[in-house]
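Q: Any chance you could fold what I've pasted below:
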Amino acid sequence: QVQLIDSGGGLVQPGGSLRLSCQASGFSLDYYAIGWFRQVPGKEREGFSCIRHDDGTTYYTDSVKGRFTISRDNAENTAYLQMNNLKPEDTAVYYCAAGPPDFCSGPWELWRLRYWGQGTQVTVSS
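A: Numbering: from 1, shown residues only. A predicted model of the protein is given here:
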């Protein structure tokens, strides 16, 4: 079965950390850009980080830059998102997605993404 599996979400206090995983099954991530997105109820899904398939160049929006780190391990067919210094406004459902090699260069149009994870809830609250 071809799918992406998100995991690692949970409840964390402000200032805490979480590490999300995005494992591919049934296909290889080798030639896909990987993006992380998040969505809160009533708002559109927004992208905030991306990593290229070839040289591992990473991209971040200002809202997460310096706090989140995207990475990938092609040998494990998995991508990761390390989230540090979490804030209440980071609360959302987080999704990973795989897209064409040029996806990270933007614009991050959701229709271009081929595979999506099922989402994992991240809640930042004291």
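
Q: From the centroid of this protein, which residue is nearest?
A: For the chain, the residue nearest the mean C-alpha position is residue 36 (2.2 Å; Cα atoms, centre = their mean).

Q: My guess is residue 9 contacts residue 122. True?
A: Yes: judged on Cβ atoms under 8 Å, residue 9 makes contact with residue 122 at a distance of 4.7 Å. All C-beta atoms are positioned from the backbone trio N, CA, C, and that covers glycine.

Q: Tell me how many other residues crowd residue 61.
A: Residue 61 has 13 neighbours, counted by other Cβ atoms under 10 Å.

Q: what's near enough to touch the closest residue in space to it that isn't next to it in sequence?
A: Nearest residue to residue 61, sequence neighbours excluded (Cβ to Cβ, 6 or more residues apart in numbering): residue 48, at 4.5 Å. If you count contacts by Cβ atoms under 8 Å, 6 or more residues apart in numbering, residue 48 has them with 36-38, 60-61, 63-64, 68.
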